[in-house]
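Asks: Sharing a model prediction with you, sequence too.
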Amino acid sequence: MNFLIVGLGNFGASLAIRLTQLGHEVIGVDSSMSKVEMFKNDITHTICANCTDIHSAKELPVQSADVVIICIGEHEGNSIMATAIMKQLDAKRIIGRIVSDTQATVLNAMGIEEIIHPERDSAEKLAKNLTTQGLIDSFELSERYSIVKIDVPEKYEGKRLDELQLRHNYNLIVLTILSKTEKRNIFGFKQESFDVQGIAKADTVLNKGDIMVVFGDRKDIEYFMGC
């Protein structure tokens with residue numbers, strides 16, 4: 001895919017670099033030449049341009065990008081202006097980063113439905129992980145449904161998935177199991193890691209230290225973890 005990333009701050013640069021590493025065509029844009037020079041070897045292409053100025057933005061390949069992501073976080077006004085200009089230039093798909101609810105209201109009024117709030121989302125996720133016993137990580141698919149990583153409860157150690165009847169008893173589906181292993185890092189020290197055991201089957205056995213990757217309604221997940 002082709003991505004146009006506007007704003008190479010901490011979030012924008014990290015996103016642009018990761019997308020490049022995943023093999024996508026990425027153009028990183030920033031009004032600061034120092035940032036453009038800093039990341040020119042890590043991102044497919046970097047361009048110095050002021051996207052709050054339509055004449056400057058017109059020089060960018062906006063319409064050929066599959067996704068334009070506005071990652072400006074320091075100045076809400078600049079972010080809103082850049083978003084408006086990308087919409088005016090008929091970008092196929094725009095994702096806007098916000099830092100406040102007011103900014104979200106403005107973007108929604110402009111017809112921008114895909115909005116991200118990295119700081120708030122990360123904080124909410126970390127708070128949930130820290131305060132829910134047994135929960136290691138979670139991915140919210142919607143307001144109701146999630147995919148979560150859960151420590152295998154002690155009472156289930158050594159049992160097969162079909163013995164637990166999680167679908168029948170809790171309306172949950174186990175997607176896979178992560179098994180703990182030890183590997184040596186580049187310095188020669190032992191480090192814990194997890195191997196994915198493939199798609200979970202009825203005869204999959206849960207071992208001590210394993211992690212279940214579970215899909216289901218958040219209420220069902222919470223009920224299961226509280227049992």
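Replies: Yep, that arrived.

Asks: only C-alpha atoms for contact and neighbour calcs from this point on.
Replies: Noted.

Asks: Can you give me the domain assignment for the chain?
Replies: 2-117, 129-226 (automatic domain parsing).

Asks: Reformat those as JSON lines; add distance to Ala123 and mean neighbour count.
Replies: Shown next, in JSON lines, are these (distance: least, C-alpha to C-alpha, whole Å; neighbours: other C-alpha atoms under 10 Å):
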{"stretch": "domain 2-117", "distance to Ala123": "10", "mean neighbour count": "18"}
{"stretch": "domain 129-226", "distance to Ala123": "10", "mean neighbour count": "15"}
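
Asks: show me the contacts for the residue nearest to Ile199 when sequence neighbours are not counted.
Replies: Sequence neighbours aside, Thr176 is the residue nearest to Ile199 in space, at 5.0 Å (criterion: C-alpha to C-alpha, 6 or more residues apart in numbering). Thr176 makes contacts with 196-200, 212-214, as judged by C-alpha atoms under 8 Å, 6 or more residues apart in numbering.

Asks: Likewise for His117?
Replies: 97-99.

Asks: again with Met86
Replies: Taking C-alpha under 8 Å, 6+ apart as the criterion, Met86 is in contact with 57, 62, 68, 94.

Asks: which of the residues you listed lies closest to Leu19?
Replies: For the contacts of Met86, the residue nearest Leu19 by C-alpha to C-alpha is Val68; the value is 12.8 Å.

Asks: re the thing from before, where among the domains of the chain is the average confidence lowest?
Replies: The weakest mean pLDDT among these belongs to domain 129-226, with a mean of 82.

Asks: Centre of the chain to that one, how far?
Replies: Domain 129-226 has its C-alpha centroid displaced from the chain centroid by 19 Å (C-alpha atoms, centre = their mean, to the nearest Å).

Asks: go on, stretch 75-95?
Replies: 21 Å.

Asks: Can you give the strand pairings for the strand ranked longest in the chain, parallel or anti for each?
Replies: For the chain, the strand with the greatest residue count under DSSP state E is strand 173-184. The pairing partners recorded for strand 173-184 under DSSP bridges are strand 190-199 (antiparallel), strand 211-217 (antiparallel).

Asks: Out of those strands, flag the one nearest Ser122.
Replies: Here strand 211-217 is closest among the strands paired with strand 173-184 (C-alpha to C-alpha), at 19.9 Å.

Asks: CA atoms only for the closest one - export them in PDB, please.
Replies: Below are the C-alpha coordinates for strand 211-217, written out as PDB (Å, rounded to 0.1, in the frame of the first residue of the first chain):
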ATOM      1  CA  ILE A 211      -1.100 -17.900  27.400                       C
ATOM      2  CA  MET A 212      -4.500 -18.200  25.800                       C
ATOM      3  CA  VAL A 213      -5.500 -15.900  23.000                       C
ATOM      4  CA  VAL A 214      -9.300 -15.600  23.400                       C
ATOM      5  CA  PHE A 215     -12.000 -13.900  21.300                       C
ATOM      6  CA  GLY A 216     -15.400 -12.900  22.700                       C
ATOM      7  CA  ASP A 217     -17.700 -10.300  24.100                       C
END
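
Asks: sec struct for the residue in the chain sticking out farthest from the centre, please.
Replies: In the chain, the residue that sits farthest from the middle, by C-alpha atoms, centre = their mean, is Glu163; the gap is 33.9 Å. Put simply, Glu163 is helix when judged by DSSP: H, G, I helix; E, B strand; the rest coil.

Asks: ok, it to Leu206 distance?
Replies: 11 Å (C-alpha to C-alpha, to the nearest Å).
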